[in-house]
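1. Build me a model from this:
(chains A and B)
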Amino acid sequence: MADHKLKKTAARFLLKCLLPLAIFLGWEIAVTYGDIPPLLLPKLAKVGADFVKYSTNGELFHHIFISLRRCAIGFFIGSTLGIVFGILLGWFKRLEDFFDFTLNFSRAIPKTALAPLLIVWFGFGDFPKVMLIGLAAFFYTVIPTLEGVQNVDSLLVKSARSMGAGDRQIVFGVILPAAMPSIYAGIRIAATSSFVILLFVEIISGNSGLGFLLEDARESLNTSTMFMTLIVVGILGFSLDWLVRYTEKKVMPWQRGKTLSR
Amino acid sequence: MTKGMFHKAVTEDQLKVKLCINNLRKEYVGGTRDTFVALDKLSLQVAEGEFVSVLGPSGCGKSTLLEIIAGLQKRSSGEISIDGLPIEKSGTKPAIVFQHYGLFPWLTVQKNIEYGLKIRGIDRKTRNKISHAHIEMVNLGGFAKFYPHELSGGMQQRVALARALANNPDILLLDEPFAALDAQTREMCQRELLNLWKQTGVTIIFVTHDVGEAIFLSDRVIVMSKNPGTIKESIPIDIARPRDFHVRLAEGFRKTELHVRLLISENGAMVAIPGKEGQHG
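-> Numbering: from 1, shown residues only, chains lettered A, B, ... in the order given. The predicted structure follows:
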């Protein structure tokens, strides 16, 4: 039985690998036999050689580290503030009314549109980049948190109150976990968009980071380095998404087996 | 422990008064609507260990009454006392169970049952002991580590009952607890509730729409009228206990049932069809 199951898993894994392998094969055939200038599509071997070069001289990890640090700081500060603020707004009706217009107007502006202004104000350093990511993370978490808090089943609050829970115990012990699925939906969007905005802002105003590496490669017409960076960016984005899903399962074990998808 | 052992209906003067409600009034002062009087001139005494059901047309304030007793809503005027003490000063807290269970989906069965104990700062070991005893009490042994969504409706309601009883309340308030269950599960839960009542001697106030259920379970049935909600009649149920479901076929039972149905329908909210399971609005 176990053997059969193993075979099935292996077969599925092979099936999943089929398309990526075919793409690489097609790529290799195209550059070998086709008449494609290396400036548009470099040889796979050249991309691999670039990876080895940038890895061994430490440049690649230097840029990865800088990018991830910006992304992480912006995301954590922004989403933490977003969650705290969302809970406060959801709990105090007056506060929500007070911020209603401001919040809804500000969130309607795509955060990338603020990049030029932030560059004028704060220059090309880390701060405006982190701030832009933080702003996006804030707005992507504050609204789902607020809605999550407002939609908490009043029955749960009543149950807790009838057993003697005070306001603090209700906020942390009932509202927060009850709103968690909604909060996490916000966190997921915030994480993905943090990464998107990071690359955007590094491309337009970077002197370091993965976005800078891409833009720098474009300026020196170094297509193979661009492809190398794109693959690295893809791997990082994929890992980021996996990490968010993984923590989601850890934070909300009761949600397991509740979703329709696997 | 002995209180629930009385197999005959207990009346107010036989036993100590547990809960006393005097001239209760509840009004909602709406912003746009006119002031709405949900309850008015409502007086009620419930004896220790008594099982009282509350019936009445929709909107007569049955649930409001329970939530006021549970301390979840404020009353506009009137007095409520438990064991002779005003409810604010009495140390006992009534427990309440709702139709839609109100279980915390992020807590396992065991953790749900321990919630109130944790709030009161009871240590882990004692909590563990109490929750296990109550899991056994509602016949859910083996389900301690399950999450609510993994259980059926009837099981979830038993967890809610265990959670309420784990706090060792003097008074248990039940707000249409079995209304969302199918007929077989409902009957099973009714029998289990009677067993729990007998075991614990807790005083029960049971709100329901189901006339047969109210008579079957109770020592006394209270019929309310609406606009404003107040008590219309209090009907003692003198059927010997333990009761099995064939008591529903007895003539006395059917007569009481008809009487109660007519009382409710006089309010214009329900049309009673004698001898038939009517539905209530």
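
2. Please identify the nearest residue in space to the residue of the stretch 151-281 of chain B found nearest chain A, excluding sequence neighbours.
-> Closest approach between the stretch 151-281 of chain B and chain A, counting by C-beta to the nearest C-beta: B:Asn167, at 6.1 Å. C-betas here are computed from N, CA, C, even on glycine. The spatially closest residue to B:Asn167, leaving aside those adjacent along the chain, is B:Gly116, at 4.2 Å (C-beta to C-beta, 6 or more residues apart in numbering or on different chains).

3. Which strand or helix spans that neighbour?
-> Remark: B:Gly116 resides in helix B:109-119, with elements defined by DSSP states H and E.

4. cool, B:Leu173 as well?
-> Assigned by DSSP H and E, B:Leu173 belongs to strand B:171-175.

5. residues making contact with the next helix or strand along the chain from that strand?
-> Elements were assigned by DSSP H and E; along the chain past strand B:171-175, the next helix or strand is helix B:183-200. Taking C-beta atoms under 8 Å, 6 or more residues apart in numbering or on different chains as the criterion, the residues outside helix B:183-200 that touch it are B:1, B:4-5, B:51, B:137-139, B:152-154, B:157-158, B:161, B:165, B:174, B:177-178, B:181, B:202, B:204, B:213, B:216-217, B:241-243, B:245.

6. what's the average pLDDT for helix B:183-200?
-> Average pLDDT, helix B:183-200: 92.

7. now the helix or strand just after it against helix B:183-200, angle please.
-> Helices and strands here follow DSSP H and E; after helix B:183-200, the next one along the chain is strand B:203-207. Counting by axes from the mean of the first three to the mean of the last three C-alpha atoms, to 10 degrees, strand B:203-207 lies at 160 degrees to helix B:183-200.

8. who does the very next helix or strand once past strand B:203-207 touch, helix- and strand-wise?
-> Once the chain leaves strand B:203-207, the next helix or strand it forms, by DSSP H and E, is helix B:211-217. Helix B:211-217 makes packing contacts with strand B:51-55, helix B:183-200, helix B:251-265 when contacts are defined by 3 or more C-beta pairs under 8 Å, 6 or more residues apart in numbering or on different chains; DSSP states H and E.

9. Among these, which comes closest to A:Ile77?
-> Within these, the stretch nearest A:Ile77 is helix B:183-200; the backing value is 50.5 Å (C-beta to C-beta).

10. The closest one: which residues count as buried?
-> Within helix B:183-200, the residues scored as buried using 16 or more other C-beta atoms under 10 Å in any protein chain shown are B:Thr185, B:Arg186, B:Cys189, B:Gln190, B:Arg191, B:Glu192, B:Leu193, B:Leu194, B:Leu196, B:Trp197, B:Lys198, B:Thr200.

11. Tell me the residues of the stretch 1-150 of chain A that contact chain B?
-> When proximity is defined by C-beta under 8 Å from any C-beta of the partner chain, the stretch 1-150 of chain A lies next to chain B nowhere.

12. Low-confidence stretches in the stretch 1-150 of chain A?
-> Within the stretch 1-150 of chain A, the ranges that satisfy pLDDT under 70 run A:1-2.

13. in chain B, what spans have low per-residue confidence?
-> Within chain B, the set of residues satisfying pLDDT under 70 comprises B:1-14, B:31-33, B:267-281.

14. Break it into its domains for me.
-> Recorded structural domains for chain B (assignment: automatic domain parsing) are B:1-94+B:172-260+B:268-281, B:103-168.

15. Pick the most buried one from the ones you listed.
-> domain B:103-168 (a mean of 19; mean count of other C-beta atoms under 10 Å in any protein chain shown).

16. Quick check: end-to-end length of that domain?
-> Distance across domain B:103-168, first residue to last, is 18 Å (C-alpha to C-alpha, to the nearest Å).

17. just stretch B:38-55 next, same as before
-> With C-alpha to C-alpha applied, stretch B:38-55 spans 15 Å between its terminal residues.
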